[in-house]
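Student: Quick check, what structure comes out for this input:
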Amino acid sequence: MGVLYGLRTAVFYILLSLSALVWSVVSLLAAPFLSFPARYRFITVNWCGFAVFLAKHLLNIEYRVTGIENIPSERCVILAKHQSTWETFFLSAYFQPLSQVLKKELFRVPFFGWTMALVKPIAIDRSNPKQALKQLAKQGAERLQENCWLLIFPEGTRVPMGKIGKFSRGGASLAVNAGLPVLPIAHNAGAFWPKQGWSKRPGVIDVVIGPAMYAEGEGSKAIAELNQRAFEWVAHTQFEIGALDEQVFAEIKEKAAK
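Tutor: Residues are numbered from 1 along each chain as shown. Coordinates of the predicted model:
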């Protein structure tokens, strides 16, 4: 993208890192005395919003959101496509208060990790998948009862542009057991903020919020059906916004038709 854009990207990361340090220190001093909703706004909404602001004004990475009318009045489980770091910033600021799954190792990062612990994330040990699933089920249900949005990236990791990973059923299971819907979200952030490397590209990220989806029944069959419905909606929407390869989408449609 050129030397100038590379310099702007370097400045972006410097400012983002400095802001994380400064805001973590400020938050550790002030946030513990706030109610949880106010604490979430103070810590997460302000800093994540600043990250999105920096990306827009330094890197010319803008965004547009469609489907806002689909957001239910009740808190529920968000099942979002995962391609980059941008959507973590954006969704954390857009839906509030929100709890999300992260690696427990982040809690060990001085200042930043300690601050993260104040906003009630679900910190799992990825080396122990069975225990992680139990923890997600227990703490996820608690967060929903506390009237938090619950952000799940069902692919489990960032998947590059053009691809889509298998959706785990953890998020759908939580929604079914709580009697709440899932809210699918598609986007093409990976086109401008790739998974690998530090390079960025200017452009407009499309964020598409789908219809709230309820389970048809109860039990494991209803969970699997809801999860598949959300997966197919995300895949179809990813294809529509140019973020899923045609061959990959054709294979998904062929499998769904069987």
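Student: Only C-alpha atoms from now on, for both contacts and neighbour counts.
Tutor: Will do.
Student: Break down the stretch 51-200 of the chain into its helices, ranges please.
Tutor: With DSSP state H, counting those that start in this stretch as the criterion, the stretch 51-200 of the chain has helices at 86-94, 112-116, 129-145, 170-178.
Student: Ok, which of the ones you listed comes nearest Phe153?
Tutor: Phe153 lies closest, by CA to CA, to one member of the helices of the stretch 51-200 of the chain: helix 170-178, at 8.5 Å.
Student: Please find the angle between the direction vectors of the closest one and helix 129-145.
Tutor: With axes from the mean of the first three to the mean of the last three CA atoms, to 10 degrees as the criterion, the two stretches helix 170-178 and helix 129-145 enclose an angle of 50 degrees.
Student: For helix 170-178, name the packing helices and strands.
Tutor: If you count contacts as 3 or more CA pairs under 8 Å, 6 or more residues apart in numbering; DSSP states H and E, helix 170-178 packs onto strand 77-80, helix 129-145, strand 182-187, helix 219-240.
Student: Which of the ones you listed comes out lowest on mean pLDDT?
Tutor: Comparing mean pLDDT over these, the weakest stretch is helix 129-145, at a mean of 89.
Student: List the buried residues for the longest helix seen in the chain?
Tutor: Secondary structure of the chain read by DSSP state H shows that its longest helix is helix 3-30. Neighbour counts over helix 3-30 (16 or more other CA atoms under 10 Å) mark 5-6, 8-9, 12, 16, 20, 23-25, 27-28 as buried.
Student: Same question for stretch 155-163.
Tutor: Along stretch 155-163, the positions that meet the burial threshold by neighbour count (16+ other CA under 10 Å) are 155, 158-163.
Student: For the closest residue to Glu225 other than its chain neighbours, which three-state class applies?
Tutor: Computed as CA to CA, 6 or more residues apart in numbering, the closest residue to Glu225 that is not its neighbour in sequence is Ala215, at 7.6 Å. Of the three states, Ala215 takes coil under DSSP: H, G, I helix; E, B strand; the rest coil.
Student: How many residues are close by the spatially closest residue to Ala31 that is not a sequence neighbour?
Tutor: Closest residue in space to Ala31, ignoring its immediate chain neighbours: Arg39 at 5.3 Å, by CA to CA, 6+ apart. Burial of Arg39 is recorded as 19 neighbouring residues (other CA atoms under 10 Å).
Student: wait, Arg39 sits on Pro32?
Tutor: Yes. Counting by CA atoms under 8 Å, Arg39 sits close enough to Pro32 to count as a contact (7.3 Å).
Student: which residues are common contacts for the two?
Tutor: Taking CA atoms under 8 Å, 6 or more residues apart in numbering as the contact criterion, the common neighbours of Arg39 and Pro32 are Leu118.
Student: Tell me if the residue nearest to Ala31 really is in a strand.
Tutor: No. Counting by three-state DSSP, Arg39 is not found in a strand; it is helix.
Student: And Ser99, how close does it get to Asn60?
Tutor: Note on Ser99: its distance to Asn60, by CA to CA, to the nearest Å, is 28 Å.
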